[in-house]
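Participant: Any chance you can model this:
(2 chains)
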Amino acid sequence: MLLQKKLILTETKLFLREPAAVFFVTVLPVALLLVLGLSVPGFRDADPNLGGERFIDAQFPAMMVLLSVTMLALSTLPATLVGYREKGVLRRLSTTPVRPGSLLVAQITISAVVGVVSTAVTLALGHVVLDVPVPRMLAAFAGVLLLGAVALFSIGLWLAAVAASARVVQGVSAAVMFPLLFLGGMWLPRDLMPSPLRAVSDFTPTGAFGQALRDTMGGHAPSPAHLAVLAGWVLLAGISAARMFRWE
Amino acid sequence: MSVIVVSDLRKQYDQKVVVDGLSFAVEEGEIFGILGPNGAGKTTTVECIAGLRKPDGGSISVHGLDPQRDAKKLHHILGMQLQQSEMPDKLKVAEALELYASFYENPADWRELMADVGLKDKADSAYNKLSGGQKQRLSIALALVGSPKVAILDELTTGLDPAARRDTWELIEHVRDRGITVLLVTHFMEEAERLCDRLALIDGGKIVALDTPAGLVSQVDTEQKVRFRPASALDDTLLTALPEVSSVERHGQQVVVTGTGNLVHAVTSVLAQHQIVAMDLRAEQASLDDAFIALTGRRFDHSAQ
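Facilitator: Modelled structure (predicted):
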């Protein structure tokens, strides 16, 4: 049985004992939204470039959700798994009746819960403090969140599969994560990107995910092309990860 | 009753043969040692027994279970302490034991086990705050927390200081007292001599000898030396007349007697008869080290330690 309650509980405690990880995936996105949303006046004005929406209505919160999920998937998860492999934690587990896959299940469960909680807190506090509207297509928003998270977690697992050591995976994570966040519109909204850059962004997991989050938050249906791109990443990274993952 | 039966075990990585036709049987309740230099195939052998590696040939049975086919059942009755296996840095001692206990159907009382290995005071200490000896004791406790019938301990005192090593040895003797069959992998002669009921000497993936430690030593007919300083005048002929003695040398005041058989007893008896007190008496006997050299024709490899 891969679902081990005690293991999930213990891994949750271990996750909460890493203040830096907790800060970056839960506190930082919410804090950025609230602090910048309250202090930068232009963010709260209707923006003709965004079709009359305020920057904090959809674009900004969508980016914060993207930030949280991306850091969980591309940094926290691979670093933890590679660290466990390097220390022989996975191997030790394989001497017990519990399969090492249980640890993978535990880690993914925790990441999923943290991602959902972080997203919910960002939207709830955004709504209370900055009057950020609740996503008008809530079911579609949840579906996009799930698909995008699965795509990014597959890439995270693939990174964990190919990285030889914890040191390597940290460097590789950063080298992959920051360009992907940029292409996702973290620093330059996709609407303002020159069209060749936006064309590249459309094919990245973060570009497609960020746009789909933003669309569903603003009450628009996500573009089928973006959903297809995310599904493609799930297949590509998921299959590579499954083939290449080593327990020792 | 044999609880582990290994016959004609073979394993190779790429082109390199690591285990080359090993056969042995381990009896219930004994500490069985697998001794050999680094790279002899010790770890690969026990990893095959624990079901972590698939043998290329031969068969293994542990309490009637096939480690590959019955891996899950096997892991309920076999606990393993792995070489170089750590726990997450911030996991506390009590949490690690409680977690691992939850993996088994009939676990041992982990609190009792924690006290037995002397980690009660460290229950709330994070793994990365433990000393090498404490980490090793936790590792042993984790191997025993499932109440196994068989425990495999791989190189468990490597990297420990002498005091921690002796504490660990005492702990292993308690493990045997619980009736657990122990398979001990080591490259320390002293450890094997102290702990093992029987041991297999492995070199180049083959068994060179299999016997009790004393039996292995007695296979080597090396000469022994007895050194002492006589308190009063001693006539060398008293000693050379003994059948056990082959030569007598003097280094200043020190007398060095070389011979075979029960040399110490023969020498001390004759000294006692003549009321000569032997001061600083020391006997040098053949050790497992000598046995290894005699059996393999080369020195035991300590270079990698």
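Participant: Would you check that A:T96 makes contact with B:F103?
Facilitator: Yes - at 4.6 Å, A:T96 and B:F103 qualify as touching, with contact defined as Cβ atoms under 8 Å. Every residue, glycine included, has its C-beta placed from N, CA and C.
Participant: Now the common contact residues for those two.
Facilitator: The contact sets of A:T96 and B:F103 overlap at B:G146 (Cβ atoms under 8 Å, 6 or more residues apart in numbering or on different chains).
Participant: higher neighbour count, these two?
Facilitator: Under the neighbour definition other Cβ atoms under 10 Å in any protein chain shown, A:T96 and B:F103 were set side by side, and A:T96 has more, 24 against 20.
Participant: Can you get me a residue count around B:V150?
Facilitator: 22.
Participant: Which helix or which strand is home to whichever residue of chain B sits closest to chain A?
Facilitator: Ranking the residues of chain B by distance to chain A (Cβ to the nearest Cβ) places B:S85 first, at 3.5 Å. Secondary structure assignment for B:S85, by DSSP states H and E: no helix or strand.
Participant: Please report how far it lies from B:E191.
Facilitator: 19 Å (Cβ to Cβ, to the nearest Å).
Participant: per-residue pLDDT, the residue of chain B closest to chain A?
Facilitator: At B:S85, the pLDDT value in this model is 86.
Participant: which ones are touching it?
Facilitator: Here B:S85 is in contact with A:K87, A:G88, A:V89, A:R91, A:R92, B:S139 (criterion: Cβ under 8 Å, 6+ apart).
Participant: Now render those as TSV, adding distance to B:K206, pLDDT and neighbour count.
Facilitator: What follows is these, written out as TSV (distance: Cβ to Cβ, whole Å; pLDDT from 0 to 100; neighbours: other Cβ atoms under 10 Å in any protein chain shown):
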residue	distance to B:K206	pLDDT	neighbour count
A:K87	33	92	18
A:G88	28	91	17
A:V89	33	93	20
A:R91	27	91	19
A:R92	29	93	21
B:S139	29	93	23
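Participant: burial measure for B:M279, as a count.
Facilitator: For B:M279, the count of nearby residues is 11 (other Cβ under 10 Å).
Participant: B:K135 versus that one, what's the distance?
Facilitator: For B:M279 relative to B:K135 (Cβ to Cβ), the value is 45 Å.
Participant: what does the stretch 51-200 of chain B put close to chain A?
Facilitator: B:52, B:72, B:75-76, B:78-80, B:82, B:84-88, B:90-91, B:95, B:98-100, B:102-105, B:142-143, B:146 (Cβ under 8 Å from any Cβ of the partner chain).
Participant: what ranges of chain A fall below the confidence cut-off?
Facilitator: Residue ranges of chain A with pLDDT under 70: A:1.
Participant: Pull the contacting residues for the residue in it that chain B sits nearest to.
Facilitator: Closest contact between chain A and chain B, by Cβ to the nearest Cβ, is at A:G88 (3.5 Å). By Cβ under 8 Å, 6+ apart, A:G88 lies in contact with A:E248, B:L82, B:Q84, B:S85, B:E86.
Participant: Flag every buried residue along the helix or strand harbouring B:S269.
Facilitator: Per DSSP H and E: B:S269 is located in helix B:263-273. For helix B:263-273, the neighbour count (16 or more other Cβ atoms under 10 Å in any protein chain shown) marks B:L263, B:V264, B:A266, B:V267, B:T268, B:V270, B:L271 as buried.
Participant: Around chain B, pick out the residues from chain A.
Facilitator: Residues of chain A lying near chain B by Cβ under 8 Å from any Cβ: A:4, A:6-7, A:10, A:13-14, A:17-18, A:83-84, A:87-89, A:91-92, A:94-98.
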